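Chemist: My questions concern the predicted model and sequence given below.
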Amino acid sequence: MRTEEHYARLSDSNLQTRLEARILEKCRETAIHRRAEISGISGQIQEAFDKLVTWTTRVPSTLQE
C-alpha cells in the first residue's frame, strides 16, 4: 500500500482540514484574515490528493512499488 492510500484510509480527518488547522496554528493572525483564500487553495490540494489516491488504487499491482 502506498503512503497516500495509507493516509487516506487511516486519517480521522481529510488533508484539507489538517492543512487549514496547521496554517491557522502557525500563522494565526494572517490566516484569520485570509480564510477564504486558504480554503480555496487547500480545497484544490485535497482534490489533487483525492485524484492521486483514486489513480493509485486503479494502477495494476505490477506498476506499483
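Modeler: That came in fine, so what should we check first?

Chemist: Could you pull out the helices in the protein for me?
Modeler: 3-10, 15-26, 28-33, 35-58 (DSSP state H).

Chemist: can you give me the offset of the second one from its chain's centre?
Modeler: On the basis of Cα atoms, centre = their mean, to the nearest Å, helix 15-26 is displaced by 10 Å from the centre of the chain it belongs to.

Chemist: Give me the distance between the most centrally placed residue in the chain and residue 21.
Modeler: What sits nearest the mean C-alpha location of the chain, by Cα atoms, centre = their mean, is residue 15, with 3.0 Å. Distance of residue 15 to residue 21, computed by Cβ to Cβ, to the nearest Å: 11 Å. Quick note: C-beta positions are derived from backbone N, CA and C, even for glycine.

Chemist: how much space between residue 38 and residue 27?
Modeler: Distance, residue 38 to residue 27, by Cβ to Cβ: 9 Å.

Chemist: Give me the more crowded residue out of these two.
Modeler: More crowded of residue 38 and residue 27, by other Cβ atoms under 10 Å: residue 38, with 19 against 12.

Chemist: Quick check: pLDDT value at residue 5.
Modeler: Predicted confidence (pLDDT) for residue 5: 62.

Chemist: All good on my end, thank you.
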